[in-house]
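Visitor: Below is the sequence, then the predicted model.
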Protein chains: 2
Amino acid sequence: MPGKVYLVGAGPGAADLITLRAAKLLAAADAVLYDALVTPETLALARRAKLIPVGKRAGLRSTAQQLINQRLIETAQTHSLVVRLKGGDPMLFGRAQEEIAALDAAGIAWEVVPGITAALGASAALGISLTRRGMARSVVFVTPRIGPEERDSEWLKAAIGSDTAVLYMAGDQAVEVCAALAAAGMPLARPAALVVSAATPDQQVFFTTLEGLPETMRHRHSGPALVLLGEVYADALAAATTMAAATVQSGATPAV
Amino acid sequence: MPGKVYLVGAGPGAADLITLRAAKLLAAADAVLYDALVTPETLALARRAKLIPVGKRAGLRSTAQQLINQRLIETAQTHSLVVRLKGGDPMLFGRAQEEIAALDAAGIAWEVVPGITAALGASAALGISLTRRGMARSVVFVTPRIGPEERDSEWLKAAIGSDTAVLYMAGDQAVEVCAALAAAGMPLARPAALVVSAATPDQQVFFTTLEGLPETMRHRHSGPALVLLGEVYADALAAATTMAAATVQSGATPAV
């Protein structure tokens, strides 16, 4: 009889920002298949499991999704408690639906355990609400992509239409993405926050504007970059500007 | 010397869906100020703290935000570790920014600990990705409100512009909100999920369409209602329809 697969959110990075349910499952797991962005500290919670890397990381290396699905099914056929550990939350910008469909087709039981998505991890570290009362009552999360095969206008419409916009995985095409947002009508002075490696010891925070974003991007290190745009960052930008530089960089909020 | 205040996300409801960091803080807390939607199971993690309810719940009772701010400051002046426990995530649709501003003005240190927001808790329970690949690359979270003093068009533009739209706190004005979405151009056949009391033992799940939503709303119980709209719910709606009824209702996913 095959085992059960738990698709578990690993959260933004810090090992103590996963849920109690996720920690309990990791401690009991026989096998853990994990993404490249999952930190060693989080993996250490899986004390007795076989650890199987199946990371895809843009530009570094790639394991085709079909191979991950196959590996997941094979592992569930020989282990009773399998955790599929995904960075952030499994139901937001992961490819969990394809893994769920493959598990269903193979007759393997599954369950999803949510995680803290990067936008919430970054907002906690910034101490700035995504939906500050009187200023923002909508926030959109998008993965912008520029290219002939992409439905450009759709993510642009979403990003332009919301009070606050969070761009996931925007690092690679920052110049093109900012140009597209400006061309679609977003003011160049729109305040922006750039958070790199949110909620990890390597976290970087910058405040800038849509106009300044491509240049600011050049100062970031190589971790996953999250771009947050909206009037809710105006106060922080003004404070950072007052502090003599147009950008400010801070360390991570220490864990308790 | 005043204590420190941690603004902590309690997650969607289940006590084991808070983070390890939140659980550790609750166990160590001297005082906990909590919202009406925080469950007794979650509060039980605060073993030694003074428990102070400061709940606001639309239509039931209301404690003015200024009084909450005042209570928070007074508590921090007499307790060293204070947790301000908020349903979901503190940086999304809470009024944390006002509490942070009040703490800053009073010279009290604070830190934010993120939580699982209802949309992610509900999506895990549904097993349906908010951003299924090839179908959705943007998701917006909005609090729709209809009224002469509201900026109607802003949240409508956001909800219409995104592939997937999640409406928080839409229960009270469901008829008006659905009519406004349809008038703004959202197709009446747009698939929808209604999740009530996400990630609690009382969870209810319905699949319907924008057109069917107001009627479906009448069958829900009184817990907090989350509406999710988008093509990503089409398969689940078709499956539910095949199961003889236009709506399907299921129990909560059991905790492990």
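Guide: Nice, thanks for sending it over.
Visitor: Quick one: distance of stretch A:134-149 to the chain centre.
Guide: The chain centre lies 14 Å from the centre of stretch A:134-149; the measure is Cα atoms, centre = their mean, to the nearest Å.
Visitor: what's the answer for stretch A:23-41, then?
Guide: The answer for stretch A:23-41 is 17 Å, by Cα atoms, centre = their mean.
Visitor: is the one helix or strand A:Ala236 maps to up against chain B anywhere?
Guide: A:Ala236 belongs to helix A:234-242 when assigned by DSSP states H and E. No: using Cβ under 8 Å from any Cβ of the partner chain, helix A:234-242 never reaches chain B; the gap is at least 9.6 Å. (C-beta placed from N, C-alpha, C; glycine too.)
Visitor: what does the average pLDDT come to for that helix?
Guide: Mean pLDDT, computed over helix A:234-242, is 91.
Visitor: That helix - contacts with which helices or strands?
Guide: For helix A:234-242, the packing partners by 3 or more Cβ pairs under 8 Å, 6 or more residues apart in numbering or on different chains; DSSP states H and E come out as strand A:191-196, strand A:204-209.
Visitor: Buried residues of it, list them for me.
Guide: For helix A:234-242, the neighbour count (16 or more other Cβ atoms under 10 Å in any protein chain shown) marks A:Ala234, A:Asp235, A:Ala236, A:Leu237, A:Ala240 as buried.
Visitor: same thing with stretch A:159-179?
Guide: Across stretch A:159-179, burial judged by 16+ other Cβ under 10 Å covers A:159-171, A:173-174, A:176-178.
Visitor: Narrow those to those in helices?
Guide: Under the assignment DSSP state H, the buried residues of stretch A:159-179 contribute A:Ala159, A:Ile160, A:Gly161, A:Ala174, A:Glu176, A:Val177, A:Cys178 to helices.
Visitor: What about chain B: which of these touch it?
Guide: A:Ala159, A:Ile160, A:Gly161.
Visitor: Report the spatially nearest residue to the last one, omitting neighbours in sequence.
Guide: Taking Cβ to Cβ, 6 or more residues apart in numbering or on different chains as the measure, A:Gly161 lies nearest to B:Gly161, with 3.5 Å between them; neighbours along the chain are not counted.
Visitor: can you check A:Val113 too?
Guide: Excluding the flanking residues, the one nearest A:Val113 by Cβ to Cβ, 6+ apart is A:Val8, at 4.4 Å.
Visitor: Can you tell me what sits against the helix or strand encompassing that neighbour?
Guide: Using DSSP H and E, A:Val8 sits within strand A:4-9. If you take Cβ atoms under 8 Å, 6 or more residues apart in numbering or on different chains as the criterion, strand A:4-9 is touched by A:18-19, A:22, A:25-26, A:29, A:72, A:76, A:80-90, A:96, A:99-100, A:103, A:108-117, B:120, B:124, B:256.
Visitor: And the next helix-or-strand element following it, what's buried?
Guide: Tracing the chain past strand A:4-9, the next element assigned as helix or strand by DSSP H and E is helix A:20-28. By 16+ other Cβ under 10 Å, the buried positions in helix A:20-28 come out as A:Leu20, A:Arg21, A:Ala22, A:Ala23, A:Leu25, A:Leu26, A:Ala28.
Visitor: The last one: what's it in contact with?
Guide: When contacts are counted by Cβ under 8 Å, 6+ apart, A:Ala28 touches A:Leu81.
Visitor: again with the third one
Guide: Residues touching A:Ala22, when contacts are defined by Cβ under 8 Å, 6+ apart, comprise A:Val8, A:Gly9, A:Ala10, A:Gly11, A:Val113, A:Gly115.
Visitor: Just give the nearest non-adjacent residue to A:Glu98, would you?
Guide: Using Cβ to Cβ, 6+ apart and skipping residues adjacent in sequence, the residue nearest A:Glu98 is A:Gln65, 5.7 Å away.
Visitor: And chain A, what are its domain boundaries?
Guide: Residue ranges for the domains of chain A, per automatic domain parsing: A:4-113, A:118-242.
Visitor: end to end, how far does the longest one reach?
Guide: With Cα to Cα, to the nearest Å applied, domain A:118-242 spans 28 Å between its terminal residues.
Visitor: Helix or strand: which one has the closest residue to A:Gly9 other than its chain neighbours?
Guide: Closest residue in space to A:Gly9, ignoring its immediate chain neighbours: A:Gly115 at 1.7 Å, by Cβ to Cβ, 6+ apart. Assigned by DSSP H and E, A:Gly115 falls within no helix or strand.
Visitor: Tell me how many other residues surround A:Gly115.
Guide: The number of residues packed near A:Gly115 is 32, by other Cβ atoms under 10 Å in any protein chain shown.
Visitor: which residues touch it?
Guide: A:8-11, A:18-19, A:22, A:86-90, B:116, B:120.
Visitor: Check whether the closest residue to A:Ser123 other than its chain neighbours sits in a helix, strand or coil.
Guide: Leaving aside its chain neighbours, A:Ser123 sits nearest to B:Met91 (3.8 Å; criterion: Cβ to Cβ, 6+ apart). Secondary structure state of B:Met91, per DSSP: H, G, I helix; E, B strand; the rest coil, is coil.
Visitor: residues contacting B:Met91?
Guide: Residues near B:Met91 by Cβ under 8 Å, 6+ apart: A:Leu120, A:Ser123, A:Ala124, A:Ile128, A:Ser129, A:Leu130, A:Thr131, B:Val112, B:Pro114.
Visitor: would A:Leu51 count as being in a strand?
Guide: Yes: assessed with three-state DSSP, A:Leu51 lies in a strand.
Visitor: Quickly list what it is bridged to.
Guide: In this entry, A:Leu51 is beta-bridged to A:Val32, by DSSP bridges.
Visitor: what's around it, how many residues?
Guide: When neighbours are counted by other Cβ under 10 Å, A:Leu51 comes out with 14.
Visitor: biggest helix in chain A by residues?
Guide: helix A:65-78.
Visitor: buried stuff in that helix?
Guide: Judged by neighbour count using 16+ other Cβ under 10 Å, the buried positions of helix A:65-78 are A:Ile68, A:Asn69, A:Arg71, A:Leu72, A:Ile73, A:Thr75, A:Ala76.
Visitor: if I read this right, A:Gly13 contacts A:Ser197, doesn't it?
Guide: Yes: at 6.6 Å, A:Gly13 and A:Ser197 qualify as touching, with contact defined as Cβ atoms under 8 Å.
Visitor: Among those two, which residue is more densely surrounded?
Guide: For A:Gly13 versus A:Ser197, the count of surrounding residues by other Cβ under 10 Å is larger for A:Gly13: 27 against 23.
Visitor: got a list of what that one touches?
Guide: By Cβ under 8 Å, 6+ apart, the contact list for A:Gly13 reads A:Leu37, A:Thr39, A:Thr42, A:Gly87, A:Gly121, A:Ser197, A:Ala198, A:Ala199, A:Thr200.
Visitor: Kindly reformat those as CSV containing secondary structure, pLDDT and distance to A:Thr216.
Guide: Output for those, formatted as CSV (DSSP: H, G, I helix; E, B strand; the rest coil; pLDDT from 0 to 100; distance: Cβ to Cβ, whole Å):
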residue, secondary structure, pLDDT, distance to A:Thr216
A:Leu37, coil, 86, 22
A:Thr39, coil, 91, 25
A:Thr42, helix, 95, 29
A:Gly87, coil, 94, 23
A:Gly121, helix, 97, 20
A:Ser197, coil, 91, 15
A:Ala198, coil, 89, 16
A:Ala199, coil, 87, 20
A:Thr200, coil, 87, 19
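Visitor: Tell me the most packed of these, by neighbour count.
Guide: A:Ala198 (32 neighbours).
Visitor: so is A:Glu99 in a helix, a strand, or just coil?
Guide: Assigned by three-state DSSP, the conformation of A:Glu99 is helix.
Visitor: that older thread, can you tell me which of the contacts of B:Met91 is nearest A:Pro224?
Guide: Using Cβ to Cβ, A:Leu120 comes nearest to A:Pro224 of the contacts of B:Met91, at 14.4 Å.
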